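1. any chance you can model this:
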Amino acid sequence: YDFLNSKPPPNYVAGLGRGATGFTTRSDIGPARAAPDLPDRSAAAAAPPAVGRGRGKPPGEDEGGDEGGDEEKGYDENQKFDEFEGNDAGLFSNADYDDDDREADAVWESIDQRMDLRRKDRREARLKQEIEKYRASNPKITEQFADLKRKLADVSVQEWESIPEIGDYSARNKKKRFESFVPVPDTLLEKARQEQEHVTALDPKSRAAGGTETPWAQTPVTDLTAVGEGRGTVLSLKLDRLSDSVSGLTVVDPKGYLTDLKSMKITSDAEISDIKKARLLLRSVTQTNPKHPPGWIAAARLEEVAGKLQSARQLIQRGCEECPKNEDVWFEACRLASPDESKAVIARGVKAIPNSVKLWLQAAKLETSDLNKSRVLRKGLEHIPDSVRLWKAVVELANEEDARMLLHRAVECCPLHVELWLALARLETYDQAKKVLNKAREKLNKEPAIWITAAKLEEANGNTQSVSKVIERGIRSLQREGLDIDREAWLKEAEAAERAGSVLTCQAIVKSTIGVGVDDEDRKRTWVADAEECKKRGSIETARAIYAHALSVFVAKKSIWLKAAQLEKSHGTRESLEAILRKAVTYNPKAEVLWLMGAKEKWLAGDVPAARAILQEAYAAIPISEEIWLAAFKLEFENNEPERARMLLTKARERGGTERVWMKSSIVERELGNVNEERRLLEEGLKLFPSFFKLWLMLGQMEDRIGHVGKAKEVYENGLKHCPGCIHLWLSLASLEERINGLSKSRAFLTMARKKNPATPELWLAAIRAELRHGNKKEADSLLAKALQECPTSGILWAAAIEMVPRPQRKSKSSDAIKRCDHDPHVIAAVAKLFWHDRKVDKARSWLNRAVTLAPDIGDFWALYYKFELQHGNADTQRDVLKRCIAAEPKHGERWQAISKAVENSHQPVDAILRKVVLALGAEENPNAAEP
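-> Got it, this is the predicted structure:
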C-alpha cells in the first residue's frame, strides 16, 4: 500500500498514537473552530475514525449533532479563558448540576456572607485608620497653607503692592543663546536697490531683436537683474489691471500687494457654483422680460458680489436703456458708477425722469459745494414745484433772507403743508407772522399746530393775556370744523410747548383740553394719574398745570393739595411750596396734615417763630387736634425750649390727651432729669392706659437706669400681664434676668416667651445670641436650626445664620438665604458684608445700596453703608450716602435706637447720630478682622 503518497486522515498527527510528543500543541487544546468536512480520498475513510483527543467531527453529523456533542462533553471548546481554572472546565465539569449541588452552593454562599459581615466592622475600622494615618502623613497643599491663607485678610493694599515680582530662574532660560552677526554683502544691497527701480523702457538688447523676443544669445542666463526687472514690469501690469474699484480709486497698494493677496477671501467651489446658477437664472429673466427693472438690478448686484464690477456696470447700463422711466435702475447705476461718471449717469436719469424727487436729491447729494447743491435743487423745483422734500432741502441750504423768500414761494406751491407755513412764520416778524398764520389757517382750517404756534407767538412777544384766548378760539374753531379734540394728543402738545419754553401756552392747552372726554366721576382720578405720568416724564410745568386746574375744580380735596405740595417740594422752590400750602389751609382749615406740613417747612427753613405762628393758627382752626399739640411740643422740644414743651403737654393732658401725650410728657421729664416726676407721670399714665406697652418699657428702663433692678423686673412682669404679646417687654425682661441671675433664668423666660408668642424671629434671635455670649456654640446652632424650621422666611434669622457659619460655608448659606427671602434687607446686608470681606468693592456697594433702598428707615444699614464708603469710597460717595441718610431720617435699628434714644443724644441731628453708630459698630462689622 502506497501510504507515503496518499493523503493522511483528517486531523492526523504523526507520532501521536505512540506518545511521541513532548509538548502541547493546538490539537491538545482543541480546534479553534469545527473542522471542515473533507471528501473521502482513501478506503480508510469509510471506517469510523479512531476515538482520540484529536478526532474531528464525524462525517454526516449535522449541527444538531455538534451541539449534542458539546452537551455530552459538558463544556464549550470555544469558551473564554478562565483565570482560575484555565482552559479546563474543572474536574467535575462533565457531572450533572443537580439540586444537591445547588443547595450546597447556597449554604456555602450564606456562610461566606456571614463571615464577611463578622469581619466588616474590623475591616472598615482598619481601613479608616489607615486613611487617617495616610492623610496625617501626606496632607494636602490647601490644608498646609490654610492658616496662612486666613492671615492674608490682614494684608493691606500697600503690602500687596510691595510684594516683589518673582523672576524666571529656570535652568533653560539661564543658557545664553549664541548669536552671530554677519555683515551684509554688497551684492545683496545692490540687488535690493535694483529691484526698487521702475523700468519704463525695453532693454537695448531686446530692441536689437525687434522688441518681440529676447534672444538667448544676447541675454546671459546669469543676469538676475534683468530677471528682477522683468518680474517688476509684469507685477506693475497686474496692479494696473486690478486698480479699479467702485470708488474709482486704487484699492491695491503695490508695496503691500502680497499682504493684500493673503487677506483676500477665497470663494469656495459651492459659492462659485451658486453664482453661476444665479447668473444663468438672471440672464434668463432679463432676456425674457427686459422691461422688468428688478431683474437688471439683481443681475448687476450679483456681478458686484462676484467681483466683476465692470460687468455689473454694463448690465445696469443696459437696464437703464431698457427701463429709462424707472428711478430705481438709475439710482443703482449711479451707485455702481465711479465718482467721475456718477454725475453723468444721474444727469441722464433726471433727463429721462424729470419728475423724480429721489433722483434730484441724489444729484444734489453728489455735489460738493452748497451753491451747486442749491442750483441742482432749484432746477428740480422747476420740474416739480409741489415737492415738499425739495423745498425743505433747498431752504436748509439757504441763509435767512433767501430762506424767507423761498418759503413764500413754497407756501404758494404747497399751500396744504403746515410745516412750510410754520417755518415761514418763525422767520417773519411779529406782524408778518400773524398774517402768515392767518393765511395758513384759511388754507388749513383743521390743523391744530397753527393755533398752538399762534399762542407761542403771542407768548414770545409778551402778550400773556392773549395766549389762553388764542387756544380757546382755536379749540372752538376746530370743533366747528368737525375735528374731534384728542385729549392725549393735546397733552403731548402741552409737553412739547413746555420743552420749547412756552409755559403759558402749556398751561392754556391743559386748561382748555384736560376735561375733554372725561366723566365727572372720573375727573379726579384721571387728572391725578395724568399729572403723575407727566411728572415721571419730567414735564413738571404740565403736571403743575394739571394740579392747578384740578384744585380749581376740587378745592376741598386734601389729597390733591398734598400731591401738589409734594410736587412743589420735589421740583419747586420754597416760596412756591409755602404759597400752595397757605392756599391749601385756606380752603381746608380742618386738614391737620397741611398745617403740619407748612409748619415743618418753616421750621426746616430756620424760621421757628413763623412755624410757631402756623401751629397757633392750626390750633385755632382745630382746637381738639392732638397732632397739632404734639407738633407744637416737638417744635419747642427740638429747639431747646423744655419749659414751653412741658406747658403745652400739661394743657394737652388737662384736655384729655391720649397715651402719646403721657409718653411725651415723661420724655420731657427724663430730659430734665426729674426722676420722681417722670415716675409719677408714667404711673398715672399706666393707670389710664394699662395696655400701652411703651409706658411699661419706659418705667422699667427708668428703674433699671437708676439701679432699682428688682423694681424694674417687677415692672416688666406687670407689663407682661397686661401685654403678654409685647415682644419688647419679653426681651427687656430676659436681658435683665441674664444680668441678674445668669443664662439659665434668661433662657427660661425666653422659652416661655416663645411658647406664648410662636413664630417670633426676634425671640429666637435673642435666645441664640444669649447662648453665643456664654460660649454655647452648639446650643446656639441647635436653636438656630429650630428657629429656621419655625420661621423659614425670617430675614434676621438667615442673616444670623450667615454670620454664624464658618467662613468657607457662608457663600452657600447666603445662597440658601436669598432663595428663601430674596427681598429682605437683613439678608441683603449680610451678603453685602460677605462681598466686603472678600474685597469685592463694587458688588458690596451695590448690595448695600439695595439694602438701604429696601429699608430706608433702618439706621443700622445706613451706618454700615457709610462705614463702607469711609473705607473704600471717596468724598463724593461719602457725601452722597450722608445726604441720603439725612433725607430718609431713619428711626429704627438695634444700634441706631440704642444711640439715638440715649438722653445725651436726644437733640443730635441725623448726621451726628450716624457717625456715632459707625463708631459703635463692633469688630464683627469690620471686614478686615481676622477670622477665628
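2. A753 against A734, yeah?
-> Yes. Contact criterion CB atoms under 8 Å: A753 and A734 qualify, at 7.1 Å. All C-beta atoms are positioned from the backbone trio N, CA, C, and that covers glycine.
3. need the residues touching each of those two.
-> Here A753 and A734 have no joint contacts, going by CB atoms under 8 Å, 6 or more residues apart in numbering.
4. what's the local residue count around D822?
-> 10 (other CB atoms under 10 Å).
5. number of residues surrounding the closest residue to K590 other than its chain neighbours?
-> Spatial nearest neighbour of K590, excluding adjacent residues (CB to CB, 6 or more residues apart in numbering): I622 at 6.0 Å. By the criterion of other CB under 10 Å, I622 has 16 neighbours.
6. how far away is I622 from W595?
-> Look at I622 and W595: by CB to CB, to the nearest Å, they are 7 Å apart.
7. and R426, by the same measure?
-> For R426, the distance to W595 - CB to CB - is 49 Å.
8. ok, those two, which is more surrounded?
-> A side-by-side neighbour count of R426 and W595, using other CB under 10 Å, places W595 first with 26 against 14.
9. quick one, what contacts that one?
-> Per CB under 8 Å, 6+ apart, neighbours of W595: V585, I614, L615, E617, A618, A621, I622, I628.
10. list the contacts of the last one.
-> Counting by CB under 8 Å, 6+ apart, I628 makes contact with E592, W595, L596, L615, A618, Y619, I622.
11. and the nearest residue to L302 once chain neighbours are set aside, what pLDDT?
-> Nearest residue to L302, sequence neighbours excluded (CB to CB, 6+ apart): A278, at 5.5 Å. pLDDT, A278: 81.
12. just the one 3 residues further on next, same as before
-> In the prediction, the pLDDT value recorded for L281 is 83.
13. so it: helix, strand or coil?
-> Under DSSP: H, G, I helix; E, B strand; the rest coil, L281 falls in the helix class.
14. phi and psi next, for I858.
-> Here is the backbone geometry of I858 (degrees, to the nearest 10): phi -100, psi 110.
15. pLDDT below threshold where in the protein?
-> 1-3, 19-95, 166-181, 184, 197-273, 922-932 (pLDDT under 70).
16. if you count residues, where's the longest helix of it?
-> helix 99-137 (DSSP state H).
17. other SSEs contacting that one?
-> Using 3 or more CB pairs under 8 Å, 6 or more residues apart in numbering; DSSP states H and E, no helix or strand is in contact with helix 99-137.
18. contacts for stretch 604-614 next, please.
-> R574, W595, G598, A599, K600, K602, W603, A632, L635, N639.
19. those: which two are farthest apart?
-> R574 and A632 (21.8 Å; CB to CB).
20. higher neighbour count, these two?
-> Taking neighbours as other CB under 10 Å, R574 and A632 compare with A632 leading, 24 against 13.
21. contact partners for the closest residue to the more buried one other than its chain neighbours?
-> Spatial nearest neighbour of A632, excluding adjacent residues (CB to CB, 6+ apart): L615 at 4.7 Å. By CB under 8 Å, 6+ apart, the contact list for L615 reads W595, A599, I628, A631, A632, L635.
22. in helices, which of these fall?
-> W595, A599, I628, A631, A632, L635.
23. relative to L422, how far out is the fifth one?
-> According to CB to CB, A632 stands 58 Å off from L422.
24. and for the last one?
-> Distance, L635 to L422, by CB to CB: 56 Å.
25. now do the fourth one
-> Using CB to CB, one obtains 55 Å as the distance from A631 to L422.
26. what do you get for S284?
-> Relative to L422, and taking CB to CB, S284 is found at 53 Å.
27. quick one, which of those two is more surrounded?
-> Shown here are S284 and L422; by other CB under 10 Å, L422 has more neighbours (21 against 11).
28. surely that one is in contact with W451?
-> No. Using CB under 8 Å, L422 is not in contact with W451, being 11.4 Å away.
29. so what's A548 up against?
-> Contacts of A548 (CB under 8 Å, 6+ apart): Q507, A564.
30. alpha carbons only: can I get the regular element (helix or strand) spanning it in CSV?
-> Using DSSP states H and E, A548 falls within helix 540-553. The C-alpha trace of helix 540-553 is given here as CSV (Å, rounded to 0.1, in the frame of the first residue of the first chain):
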residue,chain,number,x,y,z
ILE,A,540,-43.1,119.4,35.6
GLU,A,541,-44.9,122.5,34.3
THR,A,542,-47.5,120.3,32.6
ALA,A,543,-48.1,118.4,35.9
ARG,A,544,-48.3,121.7,37.8
ALA,A,545,-50.9,123.0,35.4
ILE,A,546,-52.9,119.8,35.7
TYR,A,547,-52.9,120.1,39.5
ALA,A,548,-53.8,123.7,39.3
HIS,A,549,-56.8,123.0,37.2
ALA,A,550,-57.8,120.1,39.4
LEU,A,551,-57.6,122.2,42.5
SER,A,552,-59.7,124.9,40.9
VAL,A,553,-62.4,122.2,40.5
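31. give me the nearest residue to A855, chain neighbours excluded.
-> P825 (3.8 Å).
32. cool, and R389?
-> Closest to R389 by CB to CB, 6+ apart is V357, at 5.5 Å.
33. distance of that neighbour from V329?
-> From V357 to V329 the distance is 16 Å (CB to CB).
34. now swap in K492 and tell me
-> 42 Å.
35. so between those two, which is more surrounded?
-> Taking other CB under 10 Å, K492 and V329 do not tie; V329 has more neighbours (26 against 15).
36. on that earlier part again, could I get the contacts of L615 as TSV with distance to A902?
-> Output for the contacts of L615, formatted as TSV (distance: CB to CB, whole Å):
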residue	distance to A902
W595	32
A599	27
I628	29
A631	24
A632	25
L635	22
